[in-house]
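Trainee: Kindly generate the corresponding structure for this input.
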Amino acid sequence: MSFMRFLGSRPGQPSQGDAAPPTPLSDETEAVRRIVARLEALPPDVARLLAGTAYLLARAAYADLEISDAETAAMEEELTASGLDPSQAVLVVEMAKLQEKTSGGTSDYLVTREFREHSTIEQRMTVMRACYRVCAADDAISGTETATMDEIASELEISREDAATVRAEFAGRLSARFGFGAPS
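Mentor: Residues are numbered from 1 along each chain as shown. As a prediction, this is how the structure comes out:
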């Protein structure tokens, strides 16, 4: 799906044939079009991984049915570190948040499985750590977020041991601890 098809047209917006003077909205729209053109110019495999990463970050952030400003900023930082420029990261994060809020429950497993099929274990581990950083952005990782992270790790086919290792890196921020199996 192209980013422009996702964004769609806005009612009341003049068509290109109309000779309306530029407005702040049309300036913003042109800026969005430039960003979209740069995103669409990415190689398809890179775009797929970035889109999957953004979606998984939004899934982790929305585990508690809210995405804070700190989590949004952390998502943007993660995507910028993945190679997007800041304006692209803002747009991709907003799109991922919208997707998660509107169709997350039905799309979560499918998107995660597709990401798993097109990524290496190293890329999956990197995304897992990024998801924890996003959840920790507001200084605490809730039990609900931890449970969602466990689901994501399982769906990405990250071993329990590797998932536990990543979770341990964020132990100081966990507000509820979940283990695998009974204590030994």
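Trainee: So for this protein, which residue is the most central one in space?
Mentor: Centroid-nearest residue in the chain, with CA atoms, centre = their mean: residue 54, separated by 2.3 Å.
Trainee: tell me which element that residue falls in.
Mentor: Under the criterion of DSSP states H and E, residue 54 resides in helix 44-61.
Trainee: Could you list the low-pLDDT ranges of this structure?
Mentor: In the predicted model, the chain carries pLDDT under 70 at residues 1-29, 31-32, 35, 176-184.
Trainee: Apply 80 and report the result again.
Mentor: Per-residue confidence for the chain (pLDDT under 80) gives these ranges: 1-38, 104, 176-184.
Trainee: Give me the distance between the spatially closest residue to residue 80 that is not a sequence neighbour and residue 46.
Mentor: Once flanking residues are discounted, residue 80 sits nearest to residue 89: 4.8 Å by CB to CB, 6 or more residues apart in numbering. Every residue, glycine included, has its C-beta placed from N, CA and C. According to CB to CB, to the nearest Å, residue 89 and residue 46 sit 14 Å apart.
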